[in-house]
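Engineer: Got a predicted structure plus its sequence, pasted below:
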Amino acid sequence: MRGPRPTGGPGGGAAVEGAARWGALSYPQFRRYWIAQIFRVLGLQFRIIAVPWLVSVELDRSPIWLGIVAVAAALPTIVFSVPAGVLADRFNDQRVLVLSQGAYAATSIALPILILAGVVNIWIVIVWSIVSGIFAALGNPAMQSVMPRLIEMRVMPSAVALNSMVWSAMRIVGPAAAGVLLALIGTGEAFLVTGIAIGIATVLFASITPRARVTSRAASEHGDDMWTGIRYIMRTPIFFATVGLSFFTSVFGMSYQFLLPIFAEDILEVGEIGFGLLEAATGIGSVLGTIAIIKIGTGRHAGTAMVGCAALFGILTALFAASRSMPLSMALLFCGGFASAMYLNIGMTTLQVMVPDDLRGRVMGVWSMTWFLASIGALPAGAIAEVLGAPMSVALGGLAVTAFAVFVYLSAPGLRHIDLVEETEEVEAAPAGP
């Protein structure tokens, strides 16, 4: 059995009537959750831009320290994502979410205070990155665990796509806003935006009222330890393929993002403005791909669409690596962003619709961990680029995603034939209790 029956959820009849037009935004509890996500992601984007500025400009450190600080933030999120999923399953997931994000907001406010006091140094930044990375990891599985109990399962594709759109939009808006504030008010003051934004998100997360979690009939078969989610994914071909695609995308497919400055400066010779345009092309493609999911849904051929878009993304990335034309490179990155948004949104929807409710935190913890591996993937990408050049490194990374997508297509017929419309109907028709 998959999850509990989610009918009669928050928002009542009015939400159901508006679902066809507004999707997940028809549900008041989800709207509050979504606004919280906007503030949270805005804060995270400010951090992504401000930390490198602090290290390289304010502290005048060499580029190697940027990598050290990035790894210091990434490793805790990788290590703690799966244990955080256990916390979300065993305890009140909303409380775990609120406490972790509240602690994250507090640490985010502590750093600018140290900056303004003139006592910050590189070792403080490293320790701060580790601590804040732990709190970020603790909240992610709980955030995904709470969301399905704010809506009905029929609008899950819309909910997943709306959350994805926040990330895509803030990838465009956040860096620009952070750059302006860094220039206008200074590093310490700009860093306060991160703490304030995440603090507002924490208050909004605390104000939502999700449905009570219902344990599935098969709960006793799943187990209750930290490795249960991993074992469940490994035993379930559909989940293994879905999480595997996320893993390959993070570790190999996203290598072009780290090497994009080299393409802008040395290969395409378009400088800083061209670099911004290349980033924008990817972001706009991702936004439009997410909108496409919201408008047309995941459809009755979701599995085939997911595998096909993943394979296409890898090919487009390899073609970008071979391009020496700025317009063509922008077009390829735009299409790649569109394709990646499609298959990653379908993958997340597949997990949310089909995972048993009592395993949701642990499975989503593994899914979250794959995304944090992107920083680790920068290391082999950089090493290959040193030996074979940036274009070859990016091409190999993209083709690795395509190869895994082909492997999934051939070895996981269950994913190939998955119909998320039918799966959603089965979940909603399932009995509500043990």
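Structural biologist: Good, I have the coordinates.

Engineer: Can you tell me the element Phe46 falls in?
Structural biologist: Phe46 belongs to helix 28-53 when elements are defined using DSSP states H and E.

Engineer: Can you work out which other helices and strands pack against that helix?
Structural biologist: Secondary-structure packing of helix 28-53 (3 or more CB pairs under 8 Å, 6 or more residues apart in numbering; DSSP states H and E): helix 63-90, helix 93-116, helix 122-146, helix 156-185, helix 187-207. Using the backbone N, CA and C atoms, a C-beta is placed for each residue, glycine as well.

Engineer: any chance of those in a markdown table, plus mean neighbour count and distance to Ala302?
Structural biologist: A markdown table is the format used below for the helices and strands packed on helix 28-53 (neighbours: other CB atoms under 10 Å; distance: least, CB to CB, whole Å):
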| stretch | mean neighbour count | distance to Ala302 |
| --- | --- | --- |
| helix 63-90 | 20 | 24 |
| helix 93-116 | 21 | 26 |
| helix 122-146 | 23 | 19 |
| helix 156-185 | 20 | 9 |
| helix 187-207 | 21 | 29 |
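
Engineer: For Ser250, find the nearest of those.
Structural biologist: With distances scored as CB to CB, the stretch of the helices and strands packed on helix 28-53 nearest to Ser250 is helix 63-90 (10.5 Å).

Engineer: any idea of the angle the helix holding Phe46 forms with helix 122-146?
Structural biologist: Taking axes from the mean of the first three to the mean of the last three CA atoms, to 10 degrees, helix 28-53 and helix 122-146 form an angle of 160 degrees between their directions.

Engineer: Quick one: distance of helix 28-53 to the chain centre.
Structural biologist: Centroid separation for helix 28-53 versus its chain: 12 Å, with CA atoms, centre = their mean, to the nearest Å.

Engineer: Give me the buried positions along that helix.
Structural biologist: Judged by neighbour count (16 or more other CB atoms under 10 Å), helix 28-53 contains these buried residues: 28-34, 36-53.

Engineer: Stretch 398-411 too?
Structural biologist: For stretch 398-411, a neighbour-count test (16+ other CB under 10 Å) marks Gly398, Leu399, Ala400, Val401, Thr402, Phe404, Ala405, Val408, Tyr409 as buried.

Engineer: pretty sure the last one is in contact with Val307, am I right?
Structural biologist: Yes. In this structure Tyr409 lies within contact range of Val307 using CB atoms under 8 Å: 4.9 Å.

Engineer: Kindly provide the distance from Ser62 to Ala70.
Structural biologist: Here the distance between Ser62 and Ala70 works out to 14 Å (CB to CB, to the nearest Å).

Engineer: next one: Gln101
Structural biologist: Distance of Gln101 to Ala70, computed by CB to CB: 22 Å.

Engineer: now swap in Ile267 and tell me
Structural biologist: As judged by CB to CB, Ile267 and Ala70 stand 23 Å apart.

Engineer: swap in Ile200?
Structural biologist: 26 Å.

Engineer: same question, Gln37
Structural biologist: For Gln37, the distance to Ala70 equals 23 Å [CB to CB].

Engineer: Quick check: Met354 vs Gly303, distance?
Structural biologist: Per CB to CB, Met354 is found 11 Å from Gly303.

Engineer: tell me the contacts of the residue nearest the centre of the chain?
Structural biologist: With distances taken as CA atoms, centre = their mean, the residue of the chain nearest its centroid is Trp371 (6.1 Å). Contacts for Trp371 (CB atoms under 8 Å, 6 or more residues apart in numbering) come out as Ser246, Ser250.

Engineer: What are the buried residues along the helix or strand in which it is found?
Structural biologist: If you go by DSSP H and E, Trp371 is part of helix 360-372. Judged by neighbour count (16+ other CB under 10 Å), helix 360-372 contains these buried residues: 360-372.

Engineer: same check, this time on stretch 319-335
Structural biologist: Counting neighbours by 16+ other CB under 10 Å, stretch 319-335 gives Leu319, Phe320, Ala321, Ser323, Met326, Ser329, Met330, Ala331, Leu332, Leu333, Phe334, Cys335 as buried.

Engineer: Ile238: which of the residues you listed is nearest?
Structural biologist: Using CB to CB, the buried residues of stretch 319-335 come closest to Ile238 at Cys335, 26.6 Å.

Engineer: Quick one: low-confidence residue ranges for the stretch 301-434 of the chain.
Structural biologist: Applying pLDDT under 70 to the stretch 301-434 of the chain flags the ranges 375, 416-434.

Engineer: count of neighbours near Asp266?
Structural biologist: Neighbour count for Asp266, taken as other CB atoms under 10 Å: 10.
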